[in-house]
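K.L.:
have a look; sequence and predicted model below, questions after that.
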Amino acid sequence: MGSREIARPAVPSFDQTEINWDKLDKTKLYVVGAGIFSGVTVVLYPLSVIKTRMQVASKDAVQKNAFSAFKNILKTDGIPGLYRGFGTVITGAIPARIIFLTSLEMTKAASLKLVDPFKLSEPVQAAIANGIAGMSGSLCSQAVFVPVDVVSQKLMVQGYSGFAKYNGGFDVARKILKSEGIRGLYRGFGLSIMTYAPSSAVWWASYGSSQRIIWRFLGHGNDKENVPPSQLKIICVQATGGVVAASIASCITTPLDTIKTRLQVMDNTQKPNVRQVIRRLIAEDGWKGFYRGLGPRFISMSAWGTSMIVAYEYMKRLCAITEES
């Protein structure tokens, strides 16, 4: 590692800006992480509701923009309308995130070792390792996340634009199991994999590489002493990397997310398939229909990504194993 730092002094080393899996107290990480990510979810959840409403709206009910959808929800349901399905999401999100983070960090550590012999630049190394890790984390967590997604999205749109009403998450799950069996809870599983796995890969790859590019632009490591950057500067770079990653990932994956959302909220009596959903979207709104909710999705991914990565990196510092321990 020492020889690599001398050979490439243009950016801070991994050790200066990142804490790897083997340096973390896992128990503390999971406990602190559950609290931090639950707090972030509380703040950003309304954006998911607005995005979902815009994506599933019929042609007559479609909102012109996210603000119109926001005002409509407040008018009809008040503040509670912005948190429909929240209980289901927060309950299922904790185990899903534990699975995601464990797979992410373990895969990233292994991937960095695999790409190291190729002597690639640090941005490229980071993009490859983080991209593989992001996809791995998403694939592993989908088994928990998809049923939560199906139930929560039905709650988000209940009573809206002709959708059925329910008495909470358990009522949704019970009715799905009764009418469709366990397969009903995994409706759109393939599309979820196709949406979230590439999105996660693109997000983490963009985040990992953009950080190194930003560090290079800032000229860190050019001094002979190779002084580590301040904590504030590290946070600013990580936050900027989160916004860059979100903008790229949201533009690439929003069409698949729109199709997946529509497929998941439809009733079993409609027996929809992907081709029918695509045809209906095009008939209603043309090709731009695939980008319904892009604004809220971009804002949500940017806000979530930036908040998540800053909170996550801070959390890793809190949970780092000290030399004394």
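P.N.:
Great, that's in hand.
K.L.:
switch to C-alpha atoms for all contacts and neighbour counts from now on
P.N.:
Will do.
K.L.:
any weak-confidence spans in the stretch 51-200 of the chain?
P.N.:
In the prediction, the stretch 51-200 of the chain carries residues with pLDDT under 70 at positions 59-64, 161.
K.L.:
the helices in it, which residues?
P.N.:
Taking DSSP state H, counting those that start in this stretch, the helices of the stretch 51-200 of the chain run over residues 66-77, 86-115, 122-157, 169-180, 182-185, 189-218.
K.L.:
hey, which of the ones you listed is tucked in deepest?
P.N.:
Greatest average neighbour count among the helices of the stretch 51-200 of the chain goes to helix 122-157 (a mean of 24), per mean count of other C-alpha atoms under 10 Å.
K.L.:
tell me how far that one lies from the chain's centre.
P.N.:
Centroid separation between helix 122-157 and its chain, computed with C-alpha atoms, centre = their mean, to the nearest Å, is 6 Å.
K.L.:
what's the angle from that helix to helix 86-115?
P.N.:
Regarding helix 122-157 and helix 86-115, their directions subtend 160 degrees when assessed with axes from the mean of the first three to the mean of the last three C-alpha atoms, to 10 degrees.
K.L.:
of all the helices of the stretch 51-200 of the chain, which one is nearest residue 247?
P.N.:
Across the helices of the stretch 51-200 of the chain, residue 247 has its closest neighbour in helix 189-218 (8.7 Å, C-alpha to C-alpha).
K.L.:
following that closest one, which helix or strand shows up next?
P.N.:
Note on helix 189-218: by DSSP states H and E, the next helix or strand toward the C-terminus is helix 231-265.
K.L.:
please state the offset of that next one from the chain centre?
P.N.:
For helix 231-265, the separation from the chain centroid amounts to 7 Å (computed by C-alpha atoms, centre = their mean).
K.L.:
ok so, going back, how about the helices of the stretch 51-200 of the chain, which one is nearest residue 245?
P.N.:
Shortest distance between residue 245 and the helices of the stretch 51-200 of the chain, using C-alpha to C-alpha, is found for helix 189-218: 4.7 Å.
K.L.:
who are the packing partners of the closest one?
P.N.:
Identification of packing neighbours for helix 189-218 by 3 or more C-alpha pairs under 8 Å, 6 or more residues apart in numbering; DSSP states H and E yields helix 122-157, helix 231-265.
K.L.:
hmm, back to that, dump the helices of the stretch 51-200 of the chain into CSV; add distance to residue 234 as well.
P.N.:
Rendered in CSV, the data for the helices of the stretch 51-200 of the chain read as follows (distance: least, C-alpha to C-alpha, whole Å):
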stretch, distance to residue 234
helix 66-77, 32
helix 86-115, 19
helix 122-157, 16
helix 169-180, 40
helix 182-185, 41
helix 189-218, 9
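K.L.:
and residue 121, how many neighbours?
P.N.:
Applying other C-alpha atoms under 10 Å, we find 12 residues neighbouring residue 121.
K.L.:
any idea how far it lies from residue 115?
P.N.:
10 Å (C-alpha to C-alpha, to the nearest Å).
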